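Novice: after the sequence you'll find the predicted model.
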Amino acid sequence: MGITLSQNQYDLARERVAQAGLQDQVEIRMQDYRDVTGQFDRITSVGMFEHVGHDNLTPYFAIIAKLLKPDGLAMNHGITSTGPGDGDSPLSGGEFIDK
């Protein structure tokens, strides 16, 4: 199962699943990650970390932990920086991520 809030990502993902003939194996949803239910063996989050905001990181990771089966694995990919040029936003990508 893949989820997104982007109509473009949703449409492209569904198209690629169909082209691969995997409609019976892969489900793509337009859904907020906070509304996902169930338990999963694996969770991969790509590009969400930097968008949930510093104040929402604890709930974000709590939701991932809740959705994982006890022996599950999570992979989180995000862009962040603590470089000297990002002093105004040391826990984000600052100007870089805004572009």
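Specialist: Nice, I can see it.

Novice: longest strand in the protein, by residue count?
Specialist: Determined from DSSP state E, the single longest strand within the chain is strand 68-77.

Novice: so what sits opposite the residue nearest to residue 7 when sequence neighbours are not counted in the bridge?
Specialist: Spatial nearest neighbour of residue 7, excluding adjacent residues (Cβ to Cβ, 6 or more residues apart in numbering): residue 30 at 7.3 Å. Every C-beta, even on glycine, is put in place using the N, C-alpha and C of the backbone. Following DSSP bridges, residue 30 is listed with bridge partners residue 4.

Novice: quick check: the gap between residue 30 and residue 13.
Specialist: Per Cβ to Cβ, to the nearest Å, residue 30 is found 10 Å from residue 13.

Novice: show the contacting residues for the residue nearest to residue 7.
Specialist: Residue 30 makes contact with 3, 4, 5, 7, 10 under the criterion Cβ atoms under 8 Å, 6 or more residues apart in numbering.

Novice: just name the closest of the residues you listed to residue 71, please.
Specialist: Residue 71 lies nearest to residue 3 out of these, by Cβ to Cβ, at 22.2 Å.
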